[in-house]
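Engineer: Predicted structure and sequence below. I'll ask about it afterward.
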Amino acid sequence: MADASEAAHAVPHLDDGVVAEILHRLPTKDAYRAAAVCPRWRAVVTEPVFLSRHLAPRPLPLLDDGPRAVILQPRRKVGYTHLTLVATDPAGAGPVDLNVPLDPKYTDESLKSSCAYKSPKPPTPGLLDTAADSFVLSRLYSTGTDDDEIWDDDAPEEHDQLAGGAAVEEARDDNAVEEPDQPAAGDDVTVGEAVEADVPGAEAAPPPLPVEVPDHVAFFERTVPILDISFVASHGRLLLARSRTRYYVCDPAANRWVALPPSSFPPTHDAAPGLHYDLDAATGWVSFTVVLLVRLRRRRLLVETFSSATGRWDRNVLDAPGVARRLGVASQGIHVGTCFYWLCRRDGRVIRYDVARRRASVVRDPPEAEGSDGRACRSLGSAGGRLRYCAFDIRDEHSGSMLPHDDIEGVHGVWVMDPGAGAWRRVHEAVVEDLSAWYFKMVWGLEKAVEFPGACGGAIIVDQNKHLLRYDLESGDKVKIASLYRNDGRLGALYGRYHAFPFFGSG
């Protein structure tokens, strides 16, 4: 204690304003590490000024042209498991390949049944990289460059080059006699000594330059596994993530994040999360709001709201039995106007929470297509600042049969909610033919819409039998952008159900 007080008096010129400015300019990891110096510095990283400035190293506009890629993450996983980036336009978006760690229980069949198995998470090729299943990565986290050594048994043998340019095969006889001027096996030599021993008069090679890793690659490959977080909501460029102890607001393009104070309920609780942020054009600061909806006993609803302007959580208990009974959300929170929207898992309803009025209500789903025998799948997102709802309905003349049969039609439906009227308006409908049913009405060829906040207004992404297609709503063209199928099937099975989040990249 005496040393801490002496250290505090030794730097009286470092008041809170100077400390906050220093921590703001540091990378996120270094800022939180420096905040561990004393309680006064730890309080700085939780102040509203730090929360608003740290996520705004550059302008963060809400883009209307759609994201650069889509982040796919296994559903209903607390903490980090795996993630995959899929380019929405592979022809012009550029590569988004990642090598992210994965627990061995999802790749090794012998370890899947062992609940007590614990080990560090090794890197694994991305879900989309089916040609790299047998690769062995030499470092913990690959940077995506050629500095990772991948050994190939079929590669030609390496030869030593002499000064005259002649190639001499390396001696591989274990009984060979060592030359007197060569260091004995096991002796420690420097790089310069080894070069002088091979080629007299040669200068030592310069040390390799550090590889510059893009910020978003460092975020997905290193920051996310280290923090052990999984994404639960998004808005614009920012993502809301949760670990087993707290929530985080992240900017993946800049590899920046802020840790929120603990909420009343742990993040492991089944809550409906939502994120929204605004950008102050004058100061360039980001002001964000996080909303959590939690079901209480007696059909009451707890609403916890965190604001970066205050730096604390606010609690509000609502008597909303209709909302509390249906609070099993199947989508992330979509912010449109002053409201958050969540898709319910059942009952064909959408939950709406008005932040300004502090009121929760239930909105009915759009009606099914004419002649439909049921709604196979649905998805909720936003495009162009409006709430968008996508559904796929089934028309089956033999709907009562449990045996395999053909001649099934599917109907794509897209609706948007008008801001003023608050009612659904259909903007697209198309029929998909040549579907078939297996035993017990398992339909083959379903096209499940993958919706998320900030999607492109003129197209949607659909999942057809583990193949992601970009579906143009005007022309009806479908272009394959990715395949979620793996040869071994284990990693692909992890993505049987997944959530999608936008990634806009750097501005």
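Structural biologist: Thanks, I have it. Numbers count the residues shown, from 1 in each chain.
Engineer: you'd agree D314 is up against S307?
Structural biologist: Yes - counting by Cβ atoms under 8 Å, D314 does reach S307; the two are 7.4 Å apart. Where C-beta positions appear, they are placed from N, C-alpha and C, glycine not excepted.
Engineer: Neighbour count for the two, which is higher?
Structural biologist: Higher neighbour count among D314 and S307: S307, with 16 against 11, using other Cβ atoms under 10 Å.
Engineer: Distance check, the more buried one against I229.
Structural biologist: For S307, the distance to I229 (Cβ to Cβ, to the nearest Å) stands at 21 Å.
Engineer: What of R386?
Structural biologist: Separation of R386 from I229 (Cβ to Cβ): 30 Å.
Engineer: Equivalent analysis for T223, please.
Structural biologist: Applying Cβ to Cβ, the value for T223 to I229 is 8 Å.
Engineer: Common neighbours of those two, please.
Structural biologist: Common neighbours of T223 and I229 are listed as C250 (criterion: Cβ atoms under 8 Å, 6 or more residues apart in numbering).
Engineer: more crowded one of those two?
Structural biologist: With neighbours defined as other Cβ under 10 Å, T223 and I229 compare such that I229 has more, 24 against 20.
Engineer: surely the more buried one meets Y80?
Structural biologist: Yes - the criterion here is Cβ under 8 Å, and I229 meets it with Y80 at 6.0 Å.
Engineer: What's the end-to-end length of stretch 291-310?
Structural biologist: The straight-line separation of the ends of stretch 291-310 (Cα to Cα, to the nearest Å) is 14 Å.
Engineer: can you give me the mean pLDDT across it?
Structural biologist: Across stretch 291-310, pLDDT averages out at 92.
Engineer: same check, this time on stretch 258-276
Structural biologist: 88.
Engineer: The stretch 301-450 of the chain: strands as residue ranges?
Structural biologist: Taking DSSP state E, counting those that start in this stretch as the test, the strands found in the stretch 301-450 of the chain are 301-307, 312-318, 334-336, 339-343, 349-354, 359-364, 374-383, 386-396, 405-417, 424-437, 443-444, 447-450.
Engineer: What is the least confident helix or strand in this protein?
Structural biologist: Each helix and strand of the chain was given a mean pLDDT (mean pLDDT, DSSP states H and E); the minimum falls on strand 167-169 at a mean of 34.
Engineer: so who does F231 touch?
Structural biologist: Contact partners of F231, counting by Cβ under 8 Å, 6+ apart, are 71, 73, 83, 239-241, 499, 501.
Engineer: Show me what it is bridged to.
Structural biologist: Beta-bridge pairing for F231 (DSSP bridges): A241.
Engineer: again with F306
Structural biologist: On the basis of DSSP bridges, F306 is bridged to V290, W313.
Engineer: Against L292, how distant is it?
Structural biologist: 8 Å.
Engineer: Now for L72, which secondary structure element holds it?
Structural biologist: Using DSSP states H and E, L72 sits in strand 69-74.
Engineer: Give me the mean pLDDT for that strand.
Structural biologist: Mean pLDDT, computed over strand 69-74, is 91.
Engineer: Quick check: what element follows it along the chain?
Structural biologist: Going down the chain from strand 69-74, the next helix or strand is strand 84-87, by DSSP H and E.
Engineer: Could you tell me which strands sit next to that following strand in the sheet, and their orientation?
Structural biologist: In the sheet, strand 84-87 lines up with strand 69-74 (antiparallel) (DSSP bridges).
Engineer: So which bits of the partner strand are buried?
Structural biologist: Going by neighbour count (16 or more other Cβ atoms under 10 Å), the buried part of strand 69-74 is 69-74.
Engineer: what two of the residues you listed have the greatest distance between them?
Structural biologist: Using Cβ to Cβ, these reach their maximum pairwise distance at A69 and P74, which is 17.2 Å.
Engineer: returning to that earlier point: dump the buried residues of strand 69-74 into JSON lines; add distance to N255 as well.
Structural biologist: Supplementary listing: these in JSON lines, determined by distance: Cβ to Cβ, whole Å:
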{"residue": "A69", "distance to N255": "16"}
{"residue": "V70", "distance to N255": "19"}
{"residue": "I71", "distance to N255": "15"}
{"residue": "L72", "distance to N255": "20"}
{"residue": "Q73", "distance to N255": "18"}
{"residue": "P74", "distance to N255": "23"}
